[in-house]
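Novice: Whatever this is, show me its structure:
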Amino acid sequence: MSHRKISYTMRLSVVFIVAAISIQPLFAHAASSIAGIWQHAHKPALIEFDLDTGVGCVKAHRSHPKNQGQTVIRKITKATKPDNLWLGEMYHAERGIFVPVSIKKEKRRVFVYDAHGNQILALKRGD
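Specialist: Numbering: from 1, shown residues only. Just a heads-up that it's a prediction; the model follows:
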């Protein structure tokens, strides 16, 4: 094998390794994100989180189809710590206002907590 061919092969190998190392955190982030569609744990409803817009809305609701498209949580932002925590504001229907919430992802589930730490919503990834 010529010196030129070995040098090209080594450079190609280095480029591949650097690319693989660079892409790996993207996959890790995607796996730890709340973005996407989640099934309500107790109702026939789907909630979709769009982290680009910072909104969680009703994607579908079999019991209440008119709720489709309604904003459930807004102003969703990633907390600095821990890695599985987001903050936002959830609509409180009885009061007619948005209230502060924390959103925590644990494996294939998402839990939403009010300002007092009480769980107010549970979601799961589709089975």
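Novice: neighbouring contacts of stretch 51-69?
Specialist: The contact list for stretch 51-69 (CB atoms under 8 Å, 6 or more residues apart in numbering) reads 33-35, 37, 43-50, 70-78, 88. In this view, the C-beta of every residue, glycine as well, is placed from N, C-alpha and C.
Novice: low-confidence ranges in the protein?
Specialist: Regions of the chain meeting the criterion pLDDT under 70 cover residues 1-31, 126-127.
Novice: which strand in it runs the most residues?
Specialist: In the chain, with assignment by DSSP state E, the single longest strand is strand 97-106.
Novice: what about Val55, distance to Lys107?
Specialist: Val55 sits 24 Å away from Lys107, going by CB to CB, to the nearest Å.
Novice: Tell me which of these two has more neighbours.
Specialist: Val55 (16 against 8; other CB atoms under 10 Å).
Novice: does the closest residue in space to Phe98 that isn't next to it in sequence count as helix, strand or coil?
Specialist: Nearest non-adjacent residue to Phe98, counting by CB to CB, 6 or more residues apart in numbering: Glu89, 3.8 Å away. The three-state label given to Glu89 by DSSP: H, G, I helix; E, B strand; the rest coil is strand.
Novice: follow-up on the earlier one: just the contacts of stretch 51-69: which are in strands?
Specialist: Those of the contacts of stretch 51-69 lying in strands (DSSP E): 37, 45-50, 71-78, 88.
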